[in-house]
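J.: quick one, structure for this:
(chains A, B, C and D)
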2 protein chains.
Amino acid sequence: MLSKKTKYGLKALAYIARREDDTPSQVGEIAKSERIPQKFLESILLTLRKAGILGSKKGKHGGYYLRKAPSEILMTEVMRVLEGPIAMVPCVSLNFYEKCDDCPDENLCSVHKLMIQVRDSTLNVFRNTTLEDLSGKVTGSDFIK
Amino acid sequence: MLSKKTKYGLKALAYIARREDDTPSQVGEIAKSERIPQKFLESILLTLRKAGILGSKKGKHGGYYLRKAPSEILMTEVMRVLEGPIAMVPCVSLNFYEKCDDCPDENLCSVHKLMIQVRDSTLNVFRNTTLEDLSGKVTGSDFIK
DNA sequence: ATTATTCCTATCGATTTAATAGGAATTACA
DNA sequence: TGTAATTCCTATTAAATCGATAGGAATAAT
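T.: Below you'll find the predicted structure:
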């Protein structure tokens, strides 16, 4: 299950990506528009900033902005920051690998192969989706396709 | 993340599917072989029996057995019983649908489309994997492929 | 100075997870 | 007929996680 944290984070990022002008988006504004508890959103955006996805400006007229173009921000990156491992079990995780305490041998584990398949098919989606796709903004290149 | 319950359940099912003779598999035996806490496994197998995937025989020489051939048991069925929804959010779940309390309109939600893609790619794996595949037993038909 | 904002730490209640406890019901078999 | 072995059932527990809130420090614009 996707945590609320991740869901809210994705919605907030999409909101920021849709912004036309170059002013930073404020927590209160995003919270209201996307129906997210403000204090909760605050902590989520802080996480995204610490991970380098968002930048921030403090004080009056402050807020959050993207550090890269939406088309350069892959879902793999965002999901790993917000949700953690993409794999369903740590023993098939690329970025958060952990050995199982049961399982003497991973290669003999019946669950292992299945979970690798699930991981790869999910990765395939996240690797081919950017924040631009998520934002729903139509750009020129969409028509070329 | 896959729960221990699901992981243990899958391993136990694979164990039962590998059994050659027609005697039922006992909880104690499975628990020992697969390194699963016995009492925990007991409750898991009970769940699988109530869901119709396993049958059971009580008393001495009792145990659990499959109700269908391993090749007839799809991962979709097993996963839904053990883990619940396959989708990452209830609003894209086929069998456990629930509306989001945020989100005035699902079709406008930026997260929705992405989660449908993830669901479909995961479903594709589970629909094409049976307990026979999980068990690792080689059968004649494997060579035909 | 005042106001508006991000930043930080701590806390809280509710839920879920993983596991255990204890015994009732049932069956095989001596 | 009694004993051992097993599934079945309900309840409980400890720990972890989740979703959210509280309160204020730091910073910046005006």
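J.: any buried residues in the longest helix seen in chain A, and which?
T.: As assigned by DSSP state H, the longest helix anywhere in chain A is helix A:110-127. Using 16 or more other CB atoms under 10 Å in any protein chain shown as the test for burial, helix A:110-127 gives A:110-112, A:114-119, A:121-123, A:125-126. The way it works is simple: take the backbone N, C-alpha and C, and place the C-beta from them, glycine included.
J.: how about the host helix or strand of residue A:30, does it reach DNA strand D?
T.: Using DSSP states H and E, residue A:30 falls within helix A:27-34. No. Helix A:27-34 is not in contact with DNA strand D by CB under 7 Å from any atom of the strand; minimum separation 9.4 Å.
J.: show the average pLDDT along that helix.
T.: Averaging pLDDT along helix A:27-34 gives 97.
J.: sorry, back to before: only C-alpha atoms, please: export the longest helix of chain A in PDB.
T.: Taking Å, rounded to 0.1, in the frame of the first residue of the first chain, the C-alpha atoms of helix A:110-127 are listed here in PDB:
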ATOM      1  CA  SER A 110      10.400 -19.900  -4.200                       C
ATOM      2  CA  VAL A 111       9.300 -16.300  -3.500                       C
ATOM      3  CA  HIS A 112      12.600 -14.700  -4.700                       C
ATOM      4  CA  LYS A 113      12.100 -15.200  -8.400                       C
ATOM      5  CA  LEU A 114       8.500 -14.000  -8.300                       C
ATOM      6  CA  MET A 115       9.400 -10.800  -6.400                       C
ATOM      7  CA  ILE A 116      12.200 -10.000  -8.900                       C
ATOM      8  CA  GLN A 117       9.600 -10.100 -11.700                       C
ATOM      9  CA  VAL A 118       7.300  -7.800  -9.800                       C
ATOM     10  CA  ARG A 119      10.100  -5.400  -9.000                       C
ATOM     11  CA  ASP A 120      11.300  -5.300 -12.600                       C
ATOM     12  CA  SER A 121       7.800  -4.700 -14.000                       C
ATOM     13  CA  THR A 122       7.200  -1.900 -11.400                       C
ATOM     14  CA  LEU A 123      10.600  -0.400 -12.100                       C
ATOM     15  CA  ASN A 124       9.800  -0.400 -15.800                       C
ATOM     16  CA  VAL A 125       6.800   1.900 -15.100                       C
ATOM     17  CA  PHE A 126       8.700   4.200 -12.700                       C
ATOM     18  CA  ARG A 127      11.700   4.500 -15.000                       C
END
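J.: close to chain B, is that helix?
T.: Yes. Helix A:110-127 is in contact with chain B by CB under 8 Å from any CB of the partner chain, via A:110, A:111, A:114, A:115, A:117, A:118, A:121, A:122, A:124, A:125, A:126.
J.: from the residues you listed, pick the one nearest residue B:12.
T.: residue A:110 (10.0 Å; CB to CB).
J.: and the residue in chain A sticking out farthest from the centre, what are its phi and psi?
T.: Ranking residues of chain A by C-alpha distance from their mean position (CA atoms, centre = their mean) puts residue A:104 at the top, at 33.7 Å. In terms of degrees, to the nearest 10, the main-chain angles of residue A:104 are phi -70, psi -30.
J.: then residue A:60?
T.: According to degrees, to the nearest 10, residue A:60 has phi -60, psi 140.
J.: what's the neighbour count on residue A:39?
T.: Neighbourhood size, residue A:39 [other CB atoms under 10 Å in any protein chain shown]: 9.
J.: tell me which residues of the helix holding residue A:30 are tucked away?
T.: For helix A:27-34, by 16+ other CB under 10 Å, it's A:27, A:30, A:31, A:34.
J.: re the thing from before, any idea of the mean pLDDT for the longest helix of chain A?
T.: Mean per-residue pLDDT for helix A:110-127: 97.
J.: relative to the whole chain's centre, how far out is whichever helix or strand comes after it?
T.: Note on helix A:110-127: by DSSP H and E, the next helix or strand toward the C-terminus is helix A:131-135. Relative to the centre of its chain, helix A:131-135 is centred 11 Å away, using CA atoms, centre = their mean, to the nearest Å.
J.: need the mean per-residue confidence for helix A:131-135.
T.: 97.
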